[in-house]
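> sharing a model prediction with you, sequence too.
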Amino acid sequence: MRGVYAGRPHAVLHRSFVALKTSNWFIIVTGFFEPLFYLLSFGLGLGGLIGAVTGPDGRPVSYAAFIAPALLATSAMNGAIYDATWNIFFKMRFAKLYDAMVATSLGTLDIALGEIAFALLRGLAYATAFTAVMYAMGLVHSAWGLLCIPAALVVAFGFAACGMAVTSYMKTFQQMDWITFILLPMFLFSATFYPITVYPEAIQILVRALPLWHGIALMRGLALGPPGPELLWDLLYFGVMIVIGLFVTARRLERLFMR
């Protein structure tokens, strides 16, 4: 592991906190308000016309309670993805920050873990704030609801690890637009606003392969309860994402900066 891991990802994390002082806070805050606006407009506005829908355990729940966990998963995804893609892309291709880092005692895995840890802290902030809103609005129907916060961290970790791995292959801003092109349809079609049963069986299989759907299923199981053993498969899905994302990111950074 020499040259790859020096046991100092905290140094990269500290640098991110120092740089945060000069960041555009408006962009950071919007990551929380976007799903909140969806909840208020769809959950309370459109929800008044829709009424109750079927929850994950077959019981009827309000439309706002149905989409709130899905928006929580989306919030965790957005918080992690922004830092793990656009932020990393700028540091890698324009600021040339990682070229300077690998010239020190830091290894590529230190960089990957430090940057992903910062993305996770952003996802944690979004998840905590949004979960508090869910409790305040009475949209959590399970005693397991507080576990949505650590579960959101798992979701954010999976997206951040894979997001950074994908970004390591990007060379232009035009290529980065593909990330938004993929995330938006995934957000709209991952049973965020309606049960997955509205799709034909063949389409359901495709949707169940999407990472956001597993995040949404995990959040709904915890927030609306009671959670079943199928949630372990959702956790396993993100565990695989994390391992693959970290491995590819470390190897890519090693190939790019330690030749």
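Arrived safely, thanks for sending.
> hey, let's count contacts and neighbours off CA atoms from now on
Fine.
> so which residues of the stretch 151-259 of the chain form helices?
173-189, 201-208, 211-224, 231-257 (DSSP state H, counting those that start in this stretch).
> most tightly surrounded among the ones you listed?
Burial of the helices of the stretch 151-259 of the chain is given as mean neighbour count (mean count of other Cα atoms under 10 Å); helix 211-224 ranks first at a mean of 25.
> gap between that helix and the chain center?
12 Å (Cα atoms, centre = their mean, to the nearest Å).
> contacts for it, please.
55-56, 65-66, 69-74, 77, 139-148, 151-152, 155, 186-187, 190-192, 207-208, 227-228, 231, 234-235, 237-238 (Cα atoms under 8 Å, 6 or more residues apart in numbering).
> among the residues you listed, which are in strands?
Among the contacts of helix 211-224, no residue falls in strands (DSSP state E).
> returning to what we had before: figure out which of the helices of the stretch 151-259 of the chain is closest to N87.
Closest to N87 of the helices of the stretch 151-259 of the chain is helix 173-189 (Cα to Cα; 11.1 Å).
> can you tell me which residues contact W144?
Counting by Cα under 8 Å, 6+ apart, W144 has contacts 222-223, 225-227.
> make a markdown table out of those and add pLDDT and distance to M134.
Listed next are the contacts of W144 as a markdown table, based on pLDDT from 0 to 100; distance: Cα to Cα, whole Å:
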| residue | pLDDT | distance to M134 |
| --- | --- | --- |
| L222 | 93 | 13 |
| A223 | 92 | 9 |
| G225 | 77 | 15 |
| P226 | 80 | 17 |
| P227 | 83 | 18 |
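> which of the residues you listed lies closest to Y5?
Once Cα to Cα is applied, the member of these that ends up nearest Y5 is L222, at 35.6 Å.
> what's the separation between that closest one and A6?
37 Å (Cα to Cα, to the nearest Å).
> can you check R251 too?
Taking Cα to Cα, one finds R251 at 15 Å from A6.
> ditto for F238
Taking Cα to Cα, one finds F238 at 26 Å from A6.
> likewise F257?
In terms of Cα to Cα, F257 sits 16 Å off from A6.
> likewise S16?
18 Å.
> now swap in A129 and tell me
For A129 relative to A6 (Cα to Cα), the value is 34 Å.
> and F157, by the same measure?
21 Å.
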